[in-house]
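# What follows is a predicted structure for the sequence shown.
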Amino acid sequence: MNSRLVIVNILRWFIVLLFQILLLRNLNYYNLANPFVYILFLLLLPFSTPNLLLYLIAFITGLTMDAFYDTLGVHTAACVTLVFVRILFISVSVSRDNFDEPEPTLGNMGFKWFLLYATLCTFAHHLVLFFLETFRITEFSYTLVRCLLSSVFTLFLLILIEFIFYSRKAR
């Protein structure tokens, strides 16, 4: 990675985490739908990022969120799961030999690809997050509904942010 890309990603990390902590932390809908927009940072890391570095970044991001949300490793486990799903999805859907895009953004990869990518990663993140947070089998249906509604809310915000901040590539 070149130094410009590293600086852009560090700046993106601070902005997204501050947005999540300061604005979205207390935003929820009857404790059923909570947006977690900070995962956008993990979704938009460049294709060329080594897997070990991806896991390390996810771990640090999760620990930072755990510190501000007063959770004990829940966000860390969810972020590491998200990166695992990201690596699997990218290895299956994108050929490493001939990708010419530096990042998996909506403008670079197209709406259908990005929507499927963000949906799978977001649902995996939220599934681990809410089931580790609840950790009761008796509340399975409530936790699953909470996971689904939060995933839809988060996906809506992620797509909205992508449409606002990232330009479309001429195909």
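On my side now, so go ahead.

# Tell me the helices and strands packed up against whichever strand or helix holds N108.
Secondary structure from DSSP states H and E places N108 in helix 106-109. Judged by 3 or more C-beta pairs under 8 Å, 6 or more residues apart in numbering; DSSP states H and E, helix 106-109 is in contact with helix 140-165. The C-beta positions use only the backbone N, C-alpha and C, and glycine is treated the same way.

# quick one: low-confidence ranges for the chain?
Low-confidence segments of the chain (pLDDT under 70): 1, 96-101, 167-171.

# mind listing what the residue nearest the centre of it touches?
Of all residues in the chain, the one closest to the mean position by C-alpha atoms, centre = their mean is I39, 2.4 Å from it. Each residue near I39 by C-beta atoms under 8 Å, 6 or more residues apart in numbering is listed here: 79, 82, 121-122, 125, 154, 158.

# can you do 10 Å?
I39 is in contact with 16, 20, 58, 61, 65, 75, 78-79, 82-83, 86, 118, 121-122, 124-126, 129, 154, 158, counting by C-beta atoms under 10 Å, 6 or more residues apart in numbering.

# try L17
Taking C-beta under 10 Å, 6+ apart as the test, what L17 contacts is 37-38, 41, 61, 64-65, 68.

# now the residues you listed: which count as buried?
Neighbour counting by 16 or more other C-beta atoms under 10 Å classes 37-38, 41, 61, 64-65 among the contacts of L17 as buried.

# Generate CSV for the residues you listed, with distance to S141 and secondary structure as supplementary columns.
Compiled in CSV, the buried ones among the contacts of L17 are given as follows (distance: C-beta to C-beta, whole Å; DSSP: H, G, I helix; E, B strand; the rest coil):
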residue, distance to S141, secondary structure
V37, 26, coil
Y38, 27, coil
F41, 31, helix
T61, 30, helix
T64, 31, helix
M65, 26, helix
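
# farthest-separated two in these?
Farthest-apart pair in the buried ones among the contacts of L17 is V37 and T64; separation 14.1 Å (C-beta to C-beta).

# picking that back up, ok, then the element right after the helix holding N108?
Immediately after helix 106-109, counting by DSSP H and E, sits helix 111-134.

# Isn't I15 up against F41?
Yes - I15 is within contact range of F41, at 8.7 Å (criterion: C-beta atoms under 10 Å).

# Would you confirm that L42 belongs to a helix?
Yes - assessed with DSSP: H, G, I helix; E, B strand; the rest coil, L42 lies in a helix.
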